[in-house]
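Trainee: sequence plus predicted model, see below.
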Amino acid sequence: MESFYHSSSQMRFRFSPMLKFLSDHRYINVSYGAKQLYTYLYDRQSLSYRNRWFDEKGNVFIRFKTKPAQNDLRKREEKELKDLSLSELMGVDPKTIMKFKKELKEAALLHEVREGMGRTNRIYLKYPADIDEKYLYHCADEEFGDHPFS
């Protein structure tokens, strides 16, 4: 059965739009896949805010596996969203995720801190310090509460 959007439909899907500043000329050499990864991580950063994952300087970080755990033999379809790795979520090989991360690091958009054996790295998203005002969305503080991802 086909499902069309209808004028009377009340259904709305959640989505992660591509961040507009990623279309800036300085990111022309960053692949679409790397920009998609950045956008996905930006969206997931909201969980870090809610979970209060801040380092000693107050910077928010994300924890995310690049590839599935070796001892996890479940198929992608059998896992809950929280158990998926980046490669499973994006439907690409773990080496591709590493390539995307490298692109983002070279573009000064991502920083990763190793945590040691058996622990996922801390992922910090960055943005250009001299970001153009046209890429920013301004809102009243009460609209978002204490942070932008309330």
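Mentor: Sure, I can see it. Residues are numbered from 1 along each chain as shown.

Trainee: how many residues are close by residue 117?
Mentor: Residue 117 has 5 neighbouring residues, counting by other Cβ atoms under 10 Å. Bear in mind the C-beta positions are built from the backbone N, C-alpha and C, glycine included.

Trainee: wait, is it part of a strand?
Mentor: No - counting by DSSP: H, G, I helix; E, B strand; the rest coil, residue 117 is not found in a strand; it is coil.

Trainee: please determine how far it is located from residue 85.
Mentor: 18 Å (Cβ to Cβ, to the nearest Å).

Trainee: tell me the confidence at the most centrally placed residue in the chain?
Mentor: The centroid of the chain falls nearest to residue 41 when counting by Cα atoms, centre = their mean (0.8 Å). pLDDT recorded at residue 41 is 93.

Trainee: can you tell me the SS state at it?
Mentor: Per three-state DSSP, the local secondary structure of residue 41 is helix.

Trainee: ok, which stretches of the protein are strands?
Mentor: For the chain, the strands defined by DSSP state E occupy 62-63, 110-113, 122-125.

Trainee: who does the shortest one pair up with?
Mentor: Paired with strand 62-63 in the same sheet, following DSSP bridges, are strand 122-125 (antiparallel).

Trainee: the residue nearest to the centre of the chain reaches residue 63, doesn't it?
Mentor: No - counting by Cβ atoms under 8 Å, residue 41 does not reach residue 63; the two are 10.8 Å apart.

Trainee: so what sits against both of those two?
Mentor: residue 123 (Cβ atoms under 8 Å, 6 or more residues apart in numbering).

Trainee: how many residues are close by residue 98?
Mentor: Around residue 98 there are 14 residues (other Cβ under 10 Å).

Trainee: distance-wise, check it relative to residue 92.
Mentor: 10 Å.

Trainee: circling back: which of the strands of the chain is buried the deepest?
Mentor: strand 122-125 (a mean of 19; mean count of other Cβ atoms under 10 Å).

Trainee: residues near residue 60, how many?
Mentor: Residue 60, neighbours per other Cβ under 10 Å, totals 19.

Trainee: hmm, back to that, looking at the strands of the chain, spot the one closest to residue 32.
Mentor: Closest to residue 32 of the strands of the chain is strand 110-113 (Cβ to Cβ; 15.9 Å).
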